[in-house]
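Chemist: need coordinates for the following:
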Amino acid sequence: MYRIMIADDEGIAVDSFTYMIKEEFKDGCIIESAKTGRSVIELAERFRPDIALMDIRMPGINGIDAIKEIRKRNPGIIFIVISAYDKFGYAKEALSLGVMDYLNKPVDKTVFIETLRRAMNKVDSEREKRTRDLAILEKMEAVTPILEGGLVYNLLFQEYYSEDIENYKRLLEIDTNYGYMIALVFGDAQEDGNLKNVVGTSVRIQSQTRDLRDIVKSYISGMVGSVMGNKIAIFVPYDKKISEEELGEGEERNELNYNERLEVIDLIRNMVRRLNSQLDAVFRAGVGTVRPLSEQMTSYNEALECLSMSSGSVAHASDLAVGVEYEDNYPVDTERAIFEGIRKGDMGMTISSANYFFDWMLDNYDNYTDDIKLKTLEFVLRAESTAYKLSGETYRFRSREDYLKFINRVESYDKLRKWFNDKLTEACHDVKSRKENRSNGIIDRAKEYIMHNYKKDISLDDVSREVDISPYYFSKLFKEATGDTFIEYLTNIRIDKAKELLDNTDLSMKEICSQVGYQNPNYFSRIFKKNVGVTPTEYKV
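Modeler: Numbers count the residues shown, from 1 in each chain. The predicted structure follows:
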């Protein structure tokens, strides 16, 4: 059904156009008309036509000005100008306004119908595009909560960290490497700062998560995580930077200033009030400090900790002095980079950051030897503790028996730096070796399982279950190690085995197909040709 508006002050023209439309398109069109420029504009607002047949010369507002006015409110209307006023200037101006065509009266019926069909085709295309756009939007509405939940989970627990985080950032259009966490907690009631019946409330809230998300999103541009017990973690990206000039000699960092913090607290307080009034629970919210993406668990813990220190509905970590404060020029980002490098097993990142930090100590505290030695020892012990947790190495109580002796006796900063770098390198090496050995072991077991079972109908889930890791992680690990996806690798083995059978046996195609794990000979033939370039029969010849 098409809505067609005819704008012409000549009744005979309106009747003629109406007759031709109804004769050609029967009941497929709804037609309304107007005879003055003003009435055309009013009709367009009320009727909202798909197509408008416009005369240029009408009483009052002319057709060109009417088109301009209608375009402001209804930009999607397709205009066809039909006029006896054959002036090039008007035609040129009409076409510059996006008019689809300019026809001169008296208009030929065939030309009129053909032009109208083209306009209807454009309407159909726009409707189809709108339908597709709505379908995509609908899918995104369903997928976005899953993506946001995945991002928050990865930020908190840092599973498969760097590559996955970058994918989430791209999909969710996040262009910053900083942000802060909000811990939203809930229960039946609050007594002395404690929430009651958190288990029962968390069960009820599960059925209201869509309403909860909508309310949160109306106040905060954040990524809402899944319900975890009676808690929901919300990640808020933040990218306003404070320059070195503002910080003095420190490195560039991201922070909320005082006014921004007040604004955030105000928004969250209003959000909590609305959640309390619209959902069947009592809500509180804690806000952590702005940190790099790799430290969002720290921000989240700050948010939870400040809630435990306050009985209010909203608490901010900066107001309650939660977390560590550093002297103005302390290279916080460099310290973070050292331990992030160790967690990743990245020696280059770790050692370059360690040398930068050591230089900073010498530049600022060259005469405080004991303090430099103590900080060096502190970092080494932290690095080894991190490595023990991630590498699976056996902790031995007396493994550090000579550390204090060395620290006390060393007199050269060069020797201290070398010891510092050596210990951090060992920690990185232990973490990296553990990751590589574990990965290699998993991949070897997976390859062996595939080789023994390629004749069966095996799947990625079957292999990941055999090596005892999640399908998602196995798929990623397998591709990194072999360069092929699981399906590509399995297919290559099957095709190689099929070629061996074709070269060395007289088995039928059906028998070979079955021998290499395919049930359908036609499908086997298509896969074989895709990989080899010829069909199995052609290869045999």
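Chemist: how far away is residue 366 from residue 372?
Modeler: 8 Å (C-beta to C-beta, to the nearest Å). Using the backbone N, CA and C atoms, a C-beta is placed for each residue, glycine as well.
Chemist: comparing the two, which shows the higher neighbour count?
Modeler: Taking neighbours as other C-beta atoms under 10 Å, residue 366 and residue 372 compare with residue 372 leading, 20 against 10.
Chemist: so the more buried one sits in a helix?
Modeler: Yes. Judged by DSSP: H, G, I helix; E, B strand; the rest coil, residue 372 forms part of a helix.
Chemist: the nearest residue to it once chain neighbours are set aside in helix, strand or coil?
Modeler: Nearest residue to residue 372, sequence neighbours excluded (C-beta to C-beta, 6 or more residues apart in numbering): residue 361, at 4.9 Å. In three-state terms, and counting by three-state DSSP, residue 361 is helix.
Chemist: for residue 361, grab the count of nearby residues.
Modeler: Neighbourhood size, residue 361 [other C-beta under 10 Å]: 19.
Chemist: ok, it touching residue 375?
Modeler: Yes. Here residue 361 reaches residue 375: they are 6.4 Å apart, a contact under C-beta atoms under 8 Å.
Chemist: how near is the residue nearest to residue 372 to residue 367?
Modeler: The value you get for residue 361 to residue 367, if C-beta to C-beta is used, is 11 Å.
Chemist: cool, and residue 263?
Modeler: 44 Å.
Chemist: go on, residue 468?
Modeler: For residue 468 relative to residue 367 (C-beta to C-beta), the value is 55 Å.
Chemist: the two: which has the busier surroundings?
Modeler: Using other C-beta under 10 Å as the criterion, residue 468 and residue 367 rank with residue 468 on top: 9 against 6.
Chemist: where in the stretch 351-500 of the chain is pLDDT low?
Modeler: Under the criterion pLDDT under 70, the flagged ranges of the stretch 351-500 of the chain are 392, 438, 472.
Chemist: where exactly do the helices run in it?
Modeler: 369-391, 403-409, 413-453, 460-467, 471-482, 486-504 (DSSP state H, counting those that start in this stretch).
Chemist: how much does the longest one deviate in direction from helix 486-504?
Modeler: I take that to be helix 413-453. 50 degrees (axes from the mean of the first three to the mean of the last three C-alpha atoms, to 10 degrees).
Chemist: where does helix 413-453 sit relative to the chain's centre, distance-wise?
Modeler: 30 Å (C-alpha atoms, centre = their mean, to the nearest Å).
Chemist: residue 299 - nearest residue in space that isn't next to it in sequence?
Modeler: Closest to residue 299 by C-beta to C-beta, 6+ apart is residue 288, at 3.2 Å.
Chemist: quick one: contacts for the residue nearest to residue 55 when sequence neighbours are not counted?
Modeler: Nearest residue to residue 55, sequence neighbours excluded (C-beta to C-beta, 6+ apart): residue 8, at 4.3 Å. Residues counted as contacts of residue 8 (C-beta atoms under 8 Å, 6 or more residues apart in numbering) are 14, 17, 33, 35, 53, 54, 55, 58, 82.
Chemist: can you give me the neighbour number for residue 329?
Modeler: Count around residue 329 with other C-beta under 10 Å applied: 14.
Chemist: mind checking the longest helix of the protein?
Modeler: helix 109-157 (DSSP state H).
Chemist: now it: mean pLDDT?
Modeler: The average pLDDT for helix 109-157 rounds to 85.
Chemist: ditto for stretch 40-55
Modeler: On average, stretch 40-55 scores 92.
Chemist: where along the stretch 151-300 of the chain do the strands fall?
Modeler: For the stretch 151-300 of the chain, strands defined by DSSP state E, counting those that start in this stretch occupy the ranges 178-187, 190-191, 194-195, 223-228, 231-237, 241-242, 253-254, 282-287, 291-292.
Chemist: including distance to residue 272 and mean pLDDT, could those go into TSV?
Modeler: Putting the strands of the stretch 151-300 of the chain into TSV (distance: least, C-beta to C-beta, whole Å; pLDDT from 0 to 100) gives the following:
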stretch	distance to residue 272	mean pLDDT
strand 178-187	8	93
strand 190-191	11	72
strand 194-195	13	75
strand 223-228	14	90
strand 231-237	12	94
strand 241-242	28	52
strand 253-254	25	54
strand 282-287	5	92
strand 291-292	23	90
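Chemist: indicate which one of those is closest to residue 474.
Modeler: Taking C-beta to C-beta, strand 223-228 is the member of the strands of the stretch 151-300 of the chain nearest to residue 474, at 22.8 Å.
Chemist: next one, pLDDT for residue 251 please.
Modeler: What the model reports for residue 251 is a pLDDT of 44.
Chemist: how about the nearest residue to residue 536, chain neighbours excluded?
Modeler: Using C-beta to C-beta, 6+ apart, the closest residue to residue 536 is residue 528 (5.0 Å).
Chemist: contacting residues around the helix or strand that neighbour falls within?
Modeler: Element membership of residue 528, judged by DSSP states H and E, is helix 521-532. Contact partners of helix 521-532, identified using C-beta under 8 Å, 6+ apart, comprise 491-492, 494-495, 498-499, 509-510, 512-513, 516, 518, 534-537, 539.
Chemist: tell me which residues of whichever helix or strand comes after it come out buried.
Modeler: With elements assigned by DSSP H and E, the helix or strand that comes after helix 521-532 is helix 536-540. Across helix 536-540, burial judged by 16 or more other C-beta atoms under 10 Å covers residue 536.
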